[in-house]
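>>> here is my input; please provide its structure:
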Amino acid sequence: MAPLISGCIRSAGQQSYLTQLESKKEPTDFPIVFQCNDTMLQGTRNLSLSPLEASRGYAMAHLAGYLAVGGQPILPGLSWSRSSFSPSGLAYLTAFFDALEEAWSTSFAPDKRRLAQRYHDAPQRTEAIIQGQKAARAVTRWRTRDGAEPARSRIYPDRYPKRDDVLSWKPTAPFYGASSGPDINAFQRGLLPGWGAQDTWAIGSVSRFEAAPFPDHESPEFARQFEKVQLIGGANSPVRTEEQSEVALFWEDGPGGVTAPGHFQLLALELCHKQSWTLLQQARFFCALSIAQADAAIASWHNKFHHDILRPETAIRYANTRFRPSSSMPEDSSWHSYIPTPAFPSYVSGHSVFGAASAGVMRLLLGSDRIRLTAVPADLVNWPMQLKNVSRSWNSLTAIAEENGASREYGGVHWEEDNQNGLQLGFAIADTVVKNSFSS
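Presented below is the predicted three-dimensional model:
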């Protein structure tokens with residue numbers, strides 16, 4: 001029987017995420033990989049990054065740190081000569097923040113100085129800094145012309161023409177019912193529609209990770225999914241349970257928070273915290289996780305704008321305009337989703353892809369799907385009233401990914417098809433990343 005890995009994230013709301021691991025320890029008592037990740041997650045929240053921009057920064061920073069301490073992942077086009085220099089925490093943090101600053105176009109200079117103080121009298125200090133700088137430059141050069149910079153606009157690239165049928169996505173508005181939610185402008189344009197057109201990190205051609213076509217709008221399957229989300233995902237749903245409502249809010253990870261990939265970085269900190277790993281092993285774990293998340297962002301956004309499928313909000317509120325009037329798909333112009341509908345196409349669910357890619361990598365590198373983990377919400381930013389004194393518990397990484405994916409159905413912002421095919425896509429990404437780049 002595979003080993004059971006246990007852990008508990010105890011509290012939330014503090015400035016440092018590390019106090020969620022052990023409330024009695026100061027952040028400076030944790031390994032350097034943890035401190036770097038903590039600062040990065042705080043930056044995600046403070047900069048109000050999208051999950052796409054966040055995932056790119058995570059991958060660049062963790063990859064640079066891994067290279068700086070002797071890691072050698074197999075990534076096409078990355079030029080890096082492994083150094084004989086012994087692994088150093090100073091080399092790691094130098095590489096980590098140099099790469100993160102390039103990814104997010106911001107400065108972490110105060111954080112670098114603060115964390116470097118613990119190495120003020122370390123031997124070969126200058127050599128360690130140089131090693132870190134070289135690793136960050138290698139990563140930055142590799143990703144400079146990967147297509148991410150043009151993808152940061154809201155202009156549709158030629159690669160993703162808009163579909164012209166009744167299933168086409170239209171900008172969505174803040175028709176949601178949960179109280180104390182984020183302030184969302186009405187009818188926003190699609191978020192970064194070119195993100196899926198950039199080069200992948202480890203999975204090869206993104207076209208290999210295209211989901212099956214979405215169900216035809218005249219099919220019984222579409223009618224079934226329409227009825228399901230209309231019932232379970234509405235603001236005043238008569239069938240959604242109290243626990244399902246809690247799940248929807250727990251995993252919402254909306255604007256101003258740590259984001260969906262950041263939520264799984266936080267869970268990964270807890271699982272890594274329970275291992276007796278070296279600096280190199282910790283760096284490898286987070287590097288593989290982050291690269292899978294970066295590829296999950298690219299693959300999910302490629303699918304979203306390739307398929308261009310409308311959200312349940314649009315389908316339900318305008319059913320008679322979109323579809324022929326039908327008893328199985330009744331229009332409800334007053335229908336509100338439980339949580340806010342994001343401003344980009346529905347198929348596939350980015351939450352589901354991020355969650356499955358993250359959980360898939362962790363279970364492969366930990367050598368077990370079986371864990372015992374209890375966690376509080378990653379942030380109390382968007383939902384301070386609903387989520388106080390709430391925690392969730394799981395016994396497997398797969399269960400975490402599935403709950404995260406289902407939360408989007410409970411919230412009324414995704415079709416069942418979005419979730420199920422998103423999970424399948426995410427697990428496939430995890431398998432490919434570990435097999436191709438981190439199998440040794």
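
>>> now the strands for the stretch 301-440 of the chain?
Here the stretch 301-440 of the chain has its strands, by DSSP state E, counting those that start in this stretch, at 370-375, 392-396.

>>> likewise for the stretch 101-250 of the chain?
Secondary structure of the stretch 101-250 of the chain (DSSP E, counting those that start in this stretch): no strands located.

>>> which residues of the chain fall in helices?
For the chain, applying DSSP state H gives helices covering 32-46, 51-68, 89-104, 109-116, 125-143, 220-232, 242-250, 260-273, 279-307, 312-317, 319-322, 350-366, 397-410, 416-437.

>>> show me what the fifth one is packed up against.
If I follow you right, that is helix 125-143. The contact analysis (3 or more C-beta pairs under 8 Å, 6 or more residues apart in numbering; DSSP states H and E) places helix 125-143 against helix 51-68, helix 89-104. Just so you know, the C-beta spots here come from the backbone N, C-alpha and C atoms, and that holds for glycine as well.

>>> packing partners for the first one?
Using 3+ C-beta pairs under 8 Å, 6+ apart as the contact criterion, the neighbours of helix 51-68 among helices and strands are helix 32-46, helix 89-104, helix 125-143, helix 260-273, helix 279-307, helix 350-366.

>>> okay, which residue is most central for this protein?
With distances taken as C-alpha atoms, centre = their mean, the chain has residue 261 as the residue nearest its mean C-alpha position (2.0 Å).

>>> let's have the helices of the chain in TSV, adding mean pLDDT.
Putting the helices of the chain into TSV (pLDDT from 0 to 100) gives the following:
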stretch	mean pLDDT
helix 32-46	95
helix 51-68	97
helix 89-104	97
helix 109-116	94
helix 125-143	94
helix 220-232	97
helix 242-250	94
helix 260-273	96
helix 279-307	97
helix 312-317	97
helix 319-322	94
helix 350-366	98
helix 397-410	98
helix 416-437	98
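
>>> just put the ones you listed in JSON lines and tack on distance to residue 201.
Formatted as JSON lines, those follow (distance: least, C-beta to C-beta, whole Å):
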{"stretch": "helix 32-46", "distance to residue 201": "17"}
{"stretch": "helix 51-68", "distance to residue 201": "6"}
{"stretch": "helix 89-104", "distance to residue 201": "13"}
{"stretch": "helix 109-116", "distance to residue 201": "25"}
{"stretch": "helix 125-143", "distance to residue 201": "8"}
{"stretch": "helix 220-232", "distance to residue 201": "32"}
{"stretch": "helix 242-250", "distance to residue 201": "29"}
{"stretch": "helix 260-273", "distance to residue 201": "13"}
{"stretch": "helix 279-307", "distance to residue 201": "5"}
{"stretch": "helix 312-317", "distance to residue 201": "31"}
{"stretch": "helix 319-322", "distance to residue 201": "37"}
{"stretch": "helix 350-366", "distance to residue 201": "11"}
{"stretch": "helix 397-410", "distance to residue 201": "20"}
{"stretch": "helix 416-437", "distance to residue 201": "8"}
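
>>> what's the closest of the ones you listed to residue 161?
Comparison of the helices of the chain against residue 161 by C-beta to C-beta identifies helix 279-307 as nearest, at 9.4 Å.

>>> report the buried residues of the closest one.
For helix 279-307, burial by neighbour count (16 or more other C-beta atoms under 10 Å) applies to 279, 282-307.

>>> packing partners for it?
With 3+ C-beta pairs under 8 Å, 6+ apart as the test, helix 279-307 has helix 32-46, helix 51-68, helix 89-104, helix 260-273, helix 350-366, helix 416-437 packed against it.

>>> compute the inter-axis angle for the shortest one and helix 51-68.
Put plainly, it is helix 260-273. Taking axes from the mean of the first three to the mean of the last three C-alpha atoms, to 10 degrees, helix 260-273 and helix 51-68 form an angle of 40 degrees between their directions.

>>> which strands and helices sit next to helix 260-273?
The criterion is 3+ C-beta pairs under 8 Å, 6+ apart, and the helices and strands that helix 260-273 contacts are strand 5-8, helix 32-46, helix 51-68, helix 279-307, helix 350-366, strand 370-375, helix 397-410.

>>> how about the ones you listed, which one is nearest residue 239?
Residue 239 sits nearest to helix 397-410 of all the helices and strands packed on helix 260-273, at 10.3 Å, using C-beta to C-beta.

>>> who does that closest one touch, helix- and strand-wise?
helix 220-232, helix 242-250, helix 260-273, helix 350-366, strand 392-396, helix 416-437.

>>> using JSON lines, lay out those together with distance to residue 32.
Shown next, in JSON lines, are the helices and strands packed on helix 397-410 (distance: least, C-beta to C-beta, whole Å):
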{"stretch": "helix 220-232", "distance to residue 32": "44"}
{"stretch": "helix 242-250", "distance to residue 32": "30"}
{"stretch": "helix 260-273", "distance to residue 32": "13"}
{"stretch": "helix 350-366", "distance to residue 32": "19"}
{"stretch": "strand 392-396", "distance to residue 32": "28"}
{"stretch": "helix 416-437", "distance to residue 32": "23"}
